[in-house]
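Provide a 3D model corresponding to the input given below.
(one chain, ligands or ions: 2)
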Amino acid sequence: MSERTNTTTPVDDTTAEILDLEEYRRTWATPEEGAAHDARLGAEIERRACVCRAEARAATREMLRAWRVPATYLREPLDLELVPTELGSWADTFPESLRQGGGAILEGPVGVGKTTATVYLLSRLWLSGQVIEADTGRPLWKAPTGLFVAWDDLAAASATSHYFDVGEVSRAFLARAKRADLLVVDDWGSSDRGEAVISRTEAVVWHRWGQELPTVITTNTRGDQFARMYPRTHSRVTDCRARSAPGALWINGPDLRGAKG
Ligand SMILES: Nc1ncnc2c1ncn2[C@@H]1O[C@H](COP(=O)(O)OP(=O)(O)OP(=O)(O)O)[C@@H](O)[C@H]1O
Ligand SMILES: [Mg+2]
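Ligands and ions are numbered 1, 2, ... in the order given. From the prediction side, this is the model:
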């Protein structure tokens, strides 16, 4: 916290003058002068906030790319009305309470916005860590890590991870999936996989639960189908100990891809 009061690296001379509070107090002769100073200070802080927001957007996009979010989901803007409020409330708690385990299972028909909602969560995860030092514009804080994986890629990595010769990349991928602060597994069950491979993908989620790291799963399965097919995974991701996590959510609505024509 103490770094935040550092005023030794100003952006430029004008802002250094405006933001030097000691100087401000010394030159504050009349209430009118004080009000004028306040107005300039307010305008300058707002200008800086705009710069930070613009930089934050660009940085978020870069980070989402690095977290393997597919390019089509990096377009803006999102219509936040379409993101379930439970997810929004959960994302609000990220700076304080991400380490509770649990997570969310987003179930629903094709094109209702399940995957888009997970990308919203990942961007909120990234921004939750972006504390910008007011005086230098530098980020102060260590970034969280997220990872977006298609379930089929997770299954493919699980299928090859035990091969001595080709398994190294898969094992590295699985290790990353196990330790990311937030893991998204998109389209669970989207392809036919054998039982052994499926249980290895589930083991990744179980490991995360053990470490109190949240996982978000999207799936097209209906009703209690996911719970019946993957009871241990369902139980852990919707674990009620993680009180702020939304658990299982059924998202319904029209196919937004079709609606765009
Ligand atoms: N909150 C949103 N704001 C703006 N556009 C959205 C939003 N949610 C979804 N969309 C649009 O709807 C399309 C479908 O969304 P998405 O791919 O997230 O659906 P899905 O439920 O994951 O579908 P599927 O079951 O096929 O995987 C996206 O291409 C996106 O453009
Ligand atoms: Mg999807």
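
Does the residue nearest the centre of the chain lie in a helix or a strand, and which?
Nearest to the mean C-alpha position of the chain, by C-alpha atoms, centre = their mean, lies Leu122 at 2.0 Å. Using DSSP states H and E, Leu122 maps to helix 114-128.

average pLDDT across that helix?
Average pLDDT, helix 114-128: 90.

Tell me how far whatever residue of the chain ends up closest to ligand 2 lies from Leu256.
As assessed by C-beta to the ion, ligand 2 sits closest to Thr115 within the chain, at 3.2 Å. In this view, the C-beta of every residue, glycine as well, is placed from N, C-alpha and C. Going from Thr115 to Leu256 by C-beta to C-beta, to the nearest Å gives 11 Å.

His207 now?
34 Å.

For Val216, which three-state class applies?
Assigned with DSSP: H, G, I helix; E, B strand; the rest coil, Val216 falls in the strand class.

Now do the contacts for it.
Val216 is in contact with 103-106, 118, 121, 182-185, 237, counting by C-beta atoms under 8 Å, 6 or more residues apart in numbering.

ok, Thr115 and Leu256, which is more surrounded?
Thr115 (20 against 14; other C-beta atoms under 10 Å).

doesn't Asp186 make contact with the more buried one?
Yes: the pair Thr115 and Asp186 passes the contact test of C-beta atoms under 8 Å, sitting 5.4 Å apart.

Can you check which residues contact both of these two?
Contacts common to Thr115 and Asp186, judged by C-beta under 8 Å, 6+ apart, are Thr218.

mind checking pLDDT for the closest residue to Trp67 other than its chain neighbours?
Among residues not flanking Trp67 along the chain, Gly146 sits closest, at 4.5 Å (C-beta to C-beta, 6 or more residues apart in numbering). Note for Gly146: predicted pLDDT of 91.

Kindly state the beta-bridge partners for Gly146.
Leu182 (DSSP bridges).

What residues does it make contact with?
Counting by C-beta under 8 Å, 6+ apart, Gly146 touches 63-64, 67, 122, 125-126, 180-184.

Can you name the residues of the stretch 101-250 of the chain sitting close to ligand 1?
Within the stretch 101-250 of the chain, the positions near ligand 1 by C-beta under 6 Å from any ligand atom are 108, 110-116, 187, 218, 220.

Where does the prediction get shaky in this structure?
Regions of the chain meeting the criterion pLDDT under 70 cover residues 1-54, 56, 76, 130-143, 164-166, 242, 258-261.
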